[in-house]
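Asker: what follows is a predicted protein model with its sequence.
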Amino acid sequence: MGISTVAVVGLGYIGLPTAAILAANGVPVTGVDVSSATVGAVNRGQVPFVEPDLAGYVSDAVASGRLRAVPAPEPADAYIVAVPTPFVDDHKPDLSYIKAAAEAIAPVLRGGELIVLESTSPPGTTRRMAEWVLDQRPDLSLDGSGDRPVVWFAHCPERVLPGRIMVELVTNDRIVGGLTPEAAQRARELYQVFCQGEILLTDAVTAETAKLVENSFRDVNIAFANELSLVADKLGVDVWELIRLANHHPRVNILQPGPGVGGHCIAVDPWFIVDAAPEEARLIRTAREVNDGKPRWVLHKVVDAVADLGAPNPVIAAYGLAFKPNIDDLRESPAMTITTEIARTFPHATVLAVEPNVDELPAQLADLPNVRLADTEEALAAGQVHVLLVDHTQFRALAGPLAEARVVDTRGILR
Ligand code: SAJ
């Protein structure tokens, strides 16, 4: 077949690294994004978000002429769709970005192209994407029927861990599910350009479900740890010690409790399974509820600590806003939710938000009159109640200074 050119639709956390790694392997890539700011930034060789090593890949790819950002799809041999799949009210998946991508690609197809959906998607979405394309292009087909040229559709879910994307893009195994076996084969050829892991072929709906299952597996396991933190608190047991000891059993491996589960993947994807099989996915739903309930429980602990302090205008220091350690990503972050709720619950308090990975507060917090960004030294000196929300490496040094302080430690940093 030969894939000489690739278009990556959606230059976000997945699309831009994928475009850059393809370009680094010699493939001419157009990166497509509806945001003119993103198109402009990429064409200047800049990355609009923080991800280790990505900036170097993007600036090299643009400088070599192999990566070019454009506002709308241009003809290519293969398309990779990496657009958001959020959920709307009642945890229903919102496929509008995929539909918009499909409808933007359809007019430039000539027949013989491969279209790969990478966005994490509910079961059946690759088929719907194909329908959206072929509805616009009845002159093309899935299988050559009626002598119409074929377009090959596949799903290849991204599985890279934010913070390690440029490494895991190369080393992780990939699941490739085709709407037809030949589509899967062709998608494998595309991913072989940069993926050194195993490339496992299946059908599209199994690939879609596998990705959702991976993140649900992690969500259920984190929920177990979060539930244990509530149980241990009730029993007066130290949950970190409890888990450390239990994990000495050869077949036990409990994850770590925290303030809740954040990010745009693990807190979202399990709902796609619940939506697809609401009667059956009882454990998966409950895990989501347990994890989503954790910020409220932490807030109660802060309320108790402030009551114990008894000051009318307390200074509350919140350490960490990101959704996990050592990144600047604040999306769906339980630390953001908790800090916001602390400020709203205590309008007469001063809330010092410490987040070493950002230069300014996001609007959600900046709009609150009693919150400001502070550094660790100021928070340690002025804080009367200290709430540890993210285990950034810098915060490990807090165990000493906070040993005698009034602390709500959601991450076991003081241990
Ligand atoms: N967390 C805990 N306790 C733990 C582990 C994690 O509370 O023991 C929390 C984190 O603090 C964070 C959330 O869970 O708030 C999610 O963090 P994460 O590191 O588990 O995962 P993500 O969201 O950064 O990336 C996940 C990965 N999926 C799995 O590990 C199964 C990644 O491989 C996926 O590519 C990514 O979702 C995605 O894009 O779907």
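Answerer: Here it is on my side, so go on.
Asker: can you pull the contacts of the closest residue to the ligand within the stretch 301-415 of the chain?
Answerer: Scanning the stretch 301-415 of the chain for the residue nearest the ligand gives Lys324, at 3.8 Å (criterion: Cβ to the nearest ligand atom). Placement of C-beta: from N, CA and C, glycine included. Counting by Cβ atoms under 8 Å, 6 or more residues apart in numbering, Lys324 makes contact with 162-163, 262-263, 390.
Asker: which SSE is immediately downstream of the lowest-mean-pLDDT helix or strand in the chain?
Answerer: When the helices and strands of the chain are scored by mean pLDDT, DSSP states H and E, strand 87-88 comes last with a mean of 88. Using DSSP states H and E, the helix or strand that follows strand 87-88 towards the C-terminus is strand 92-93.
Asker: for the ligand, what's the nearest residue on the stretch 1-150 of the chain?
Answerer: Counting by Cβ to the nearest ligand atom, the stretch 1-150 of the chain gets nearest the ligand through Thr120, at 5.5 Å.
Asker: quick one, phi psi at that residue?
Answerer: Listed backbone geometry of Thr120 is phi -60, psi 130, with angles given as degrees, to the nearest 10.
Asker: tell me how many other residues crowd it.
Answerer: Thr120 is flanked by 25 other residues according to other Cβ atoms under 10 Å.
Asker: got it, and the one 4 residues further on?
Answerer: Other residues within reach of Gly124, judged by other Cβ under 10 Å, total 14.
Asker: which residue is the nearest non-sequential neighbour of it?
Answerer: Setting aside the residues directly before and after it, Gly124 is nearest to Val205 in space (Cβ to Cβ, 6 or more residues apart in numbering), at 6.1 Å.
Asker: show me what contacts the one you found?
Answerer: So Val205 contacts 123-124, 126-127, 177 (Cβ under 8 Å, 6+ apart).
Asker: now do the SS call for it.
Answerer: Here Val205 is recorded as helix under DSSP: H, G, I helix; E, B strand; the rest coil.
Asker: for it, give me the pLDDT.
Answerer: At Val205, the pLDDT value in this model is 98.
Asker: how about the one 5 residues further on?
Answerer: Confidence per residue is given as pLDDT, and for Ala210 that number is 98.
Asker: which helix or strand contains it?
Answerer: helix 204-235.
Asker: circling back to that earlier point, ChimeraX command to pick out the buried ones of the contacts of Lys324?
Answerer: The ChimeraX selection below is limited to those of the contacts of Lys324 classed as buried (16 or more other Cβ atoms under 10 Å):
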select :162,163,262,263,390
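Asker: and the ligand, which of the contacts of Lys324 contact it?
Answerer: 162, 262-263 (Cβ under 6 Å from any ligand atom).
Asker: looking at those, which is nearest Val298?
Answerer: Gly262 (12.7 Å; Cβ to Cβ).
Asker: for the closest one, give me its contacts.
Answerer: 323-324, 331-335.
Asker: where does the protein come near the ligand, residue by residue?
Answerer: Contact residues (Cβ under 6 Å from any ligand atom) of the chain with the ligand: 120, 158-162, 214-215, 218, 222, 255-256, 258, 261-263, 265-266, 323-324.
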